[in-house]
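Asks: okay, here's the prediction I keep looking at, along with the sequence it came from:
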Amino acid sequence: MTKVVIIGGGWAGCAAAITAKKAGADVHLYERTDMLLGLGNVGGIMRNNGRYTAAEESILLGAHELFQITDECSRHKNISFPGHQHASLYDVNIIEPRVTRFIRSLGINLYLQHRIIDVEMTGQKITGVKLQNKEIVEGDIFIETTGSTGPMGNCLKYGNGCAMCILRCPSFGPRVSLNQKAGVEDILGQRANGSFGAFSGSCKLNKDSLSEEIVKELNEKGVYILSIPKEDITFDKLDMKVCQQYALKEYAENLILLDTGHAKLMAPFYPLEKLRRFKGFENVRYEDPYAGGLGNSIRYLSIAPRSNTMKVNSLDNLLCAGEKAGLFVGHTEAIVTGSLAGHNSVRVSLGMPLLELPRILASGDLIAHANEEILKKEGLKRRYTFAGSDYFKRMKELNLYTTDSDAIRIKLERINLLNIYQDKLI
């Protein structure tokens, strides 16, 4: 049986593990911290704008499980906030145990607090990966879904220092780029001014530290919006954000909170002293990152060059997904790329033609378009997400955006891809 080793237990790694398992592989998932989902533990936004289309495509392709869990854990469904429609907000406080139990229930071998630091090679093939304790894990196919944040030095060099975020590099050790260890250089994302990386786009506030009135509105509506005094409006902050789908003027002119279990503040950071001047925020404190008054984590400093099948260039048996696979933003984007990588890992092992999602699907077009754009200087300054910015405009222009699940089903039936991820290949 093919042994697939997945490094990184975020949304992309979990999605890859599920589709690889369904294709018949013996799957081993390694995560350096004590929890799965990574940034998914402080994210929470699903199905907004074109992410609805992409979610339905994945479900009908046969990768429904993680979307079913996020739907079941949603505190709010079909809500609107500036620039975004029909969003769901899952509860970040309950999502990770649900996913962890599900991963284990499939018979996927899960290794928490196992940090992988190097690779062993024979020619262009990875034969094993080395754990921090020097143990070697051998495998047939490897999938890197380690994300693009960290180590701490990057947050210091390109940001305002370690912001003490959910990824907890000081405790569990920094991420390592395995494709770079294997001799394939990373691609680095840029900001509009040409500097590297980008700040994570939101912070999480402790809901109990807000006034009863704000908490009541968040619980009932899922959204709370408060105008900012003109003297405090800073449009420059929008250029720092990784999440360009939220880099709209409304996010500079207002404090926008979303209810994800925490109160999700849609800003990369906000000085705590200023925040506490607002009515209802007098006692507010940050939940993640703890230094959200000063900075946030820095992302997009470690992207692997890859094909549209998610196979890493120049290496025989390494695939990638999530932020490791491009300047992608969001959980849906991670699940889409991870599901494809997991399925294709088994195809690689069997010498089968690899699946490339066609561009008549939003998922296929996003993967291919981001791969084309990353070769351009300006393309390194953009982010690619179904939820907004340039790519959502492209979705609408190409008539790829729809909330009609039946129309998506008909399309997938026509191209013979309905439930492709359910196929057992081994």
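Replies: Perfect, thanks for sending it. Residues are numbered from 1 along each chain as shown.
Asks: pull out the buried positions in the helix or strand harbouring residue 97.
Replies: Assigned by DSSP states H and E, residue 97 belongs to helix 95-105. Residues of helix 95-105 classed as buried by neighbour count (16 or more other C-beta atoms under 10 Å): 95, 96, 98, 99, 100, 102, 103. C-betas here are computed from N, CA, C, even on glycine.
Asks: the nearest residue to residue 335 once chain neighbours are set aside in helix, strand or coil?
Replies: Take residue 335 and drop its neighbours on the chain: the residue closest to it by C-beta to C-beta, 6 or more residues apart in numbering is residue 15, 4.4 Å away. Using DSSP: H, G, I helix; E, B strand; the rest coil, the secondary structure recorded for residue 15 is helix.
Asks: what number of residues lie near residue 15?
Replies: Using other C-beta atoms under 10 Å, the number of residues around residue 15 comes to 31.
Asks: which residues touch it?
Replies: If you count contacts by C-beta atoms under 8 Å, 6 or more residues apart in numbering, residue 15 has them with 63, 66, 321, 334, 335, 336, 337, 338, 339, 342.
Asks: phi, psi of the second one?
Replies: Backbone torsions for residue 66, taken as degrees, to the nearest 10, come to phi -70, psi -30.
Asks: quick one: it and residue 16 touch, right?
Replies: No - between residue 66 and residue 16 no contact is recorded; they are 10.9 Å apart, counting by C-beta atoms under 8 Å.
Asks: of the two, who's got more company?
Replies: residue 16 (37 against 29).
Asks: quick one, helices of the stretch 151-300 of the chain?
Replies: Counting by DSSP state H, counting those that start in this stretch, the segments of the stretch 151-300 of the chain that form helices are 152-158, 169-172, 178-181, 212-221, 236-240, 249-253, 272-275.
Asks: of all the ones you listed, which lies closest to residue 59?
Replies: Using C-beta to C-beta as the measure, helix 212-221 is the one of these that comes nearest residue 59, at 27.0 Å.
Asks: mind listing what's buried along that closest one?
Replies: 214, 215, 217, 218.
Asks: max pairwise distance over the residues you listed: which two?
Replies: Farthest pair in the buried residues of helix 212-221 (C-beta to C-beta) is 215 and 217. Separation: 7.5 Å.
Asks: please identify which of the buried residues of helix 212-221 is nearest to residue 118.
Replies: Using C-beta to C-beta as the measure, the one of the buried residues of helix 212-221 that approaches residue 118 most closely is residue 218, at 44.9 Å.
Asks: low-confidence ranges, the stretch 101-250 of the chain, go.
Replies: Counting by pLDDT under 70, the stretch 101-250 of the chain shows low-confidence ranges at 232-248.
Asks: and if we set it to 90?
Replies: Counting by pLDDT under 90, the low-confidence segments of the stretch 101-250 of the chain come to 150-151, 191-195, 201, 228-250.
Asks: what of the stretch 251-400 of the chain?
Replies: Counting by pLDDT under 90, the stretch 251-400 of the chain has low-confidence residues at 251-253, 375, 377, 381, 389.
Asks: and the strands in it, which stretches?
Replies: Per DSSP state E, counting those that start in this stretch, the stretch 251-400 of the chain has strands spanning 254-259, 263-265, 286-288, 298-299, 318-320. These are given in chain order.
Asks: remind me what the fourth one packs against, helices and strands.
Replies: Counting contacts by 3 or more C-beta pairs under 8 Å, 6 or more residues apart in numbering; DSSP states H and E, strand 298-299 is packed against helix 152-158, strand 198-199.
Asks: and the ones you listed: which comes nearest residue 70?
Replies: Among those, the nearest to residue 70 by C-beta to C-beta is strand 198-199 (24.3 Å).
Asks: contacting residues around that closest one?
Replies: Among residues not part of strand 198-199, those counted as contacts by C-beta under 8 Å, 6+ apart are 159, 189, 191, 240-242, 268-269, 295-300, 383.
Asks: roughly how far out does it sit from the chain middle?
Replies: Offset of strand 198-199 from its chain centre (C-alpha atoms, centre = their mean, to the nearest Å): 14 Å.
Asks: domain parsing of the protein, as residue ranges.
Replies: Split into domains by automatic domain parsing, the chain comes to 3-193+299-422, 198-288.
Asks: please identify the most buried of those.
Replies: Among the domains of the chain, domain 3-193+299-422 has the highest mean neighbour count (mean count of other C-beta atoms under 10 Å), at a mean of 21.
Asks: okay, how far is it across that domain, tip to tip?
Replies: 18 Å (C-alpha to C-alpha, to the nearest Å).
Asks: go on, stretch 79-91?
Replies: Length of stretch 79-91, first residue to last, C-alpha to C-alpha: 15 Å.
Asks: and if you look at stretch 382-392?
Replies: In stretch 382-392, first residue to last residue: 13 Å (C-alpha to C-alpha).
Asks: closest to residue 48 out of the helices of the stretch 151-300 of the chain?
Replies: helix 249-253 (13.9 Å).
Asks: run the chain-centre distance for that closest one.
Replies: In terms of C-alpha atoms, centre = their mean, the centre of helix 249-253 is set 24 Å apart from its chain centre.
Asks: OK, contacts around the closest residue to residue 362 other than its chain neighbours?
Replies: Nearest residue to residue 362 in three dimensions, chain neighbours excluded: residue 400, at 4.2 Å (C-beta to C-beta, 6+ apart). Contact criterion C-beta under 8 Å, 6+ apart gives 50, 53, 360, 361, 362, 365, 394 as the residues in contact with residue 400.
Asks: repeat the analysis, applying 7 Å as the threshold.
Replies: Counting by C-beta atoms under 7 Å, 6 or more residues apart in numbering, residue 400 makes contact with 53, 362, 365.
Asks: would you mind measuring from the first one to residue 68?
Replies: Distance check for residue 53 against residue 68: by C-beta to C-beta, to the nearest Å, it reads 17 Å.
Asks: next: the second one.
Replies: Plainly put, residue 362 is 20 Å away from residue 68 if you go by C-beta to C-beta.
Asks: all helices of the stretch 1-150 of the chain, in order?
Replies: Counting by DSSP H, counting those that start in this stretch, the segments of the stretch 1-150 of the chain that form helices are 11-22, 51-61, 65-72, 95-105.
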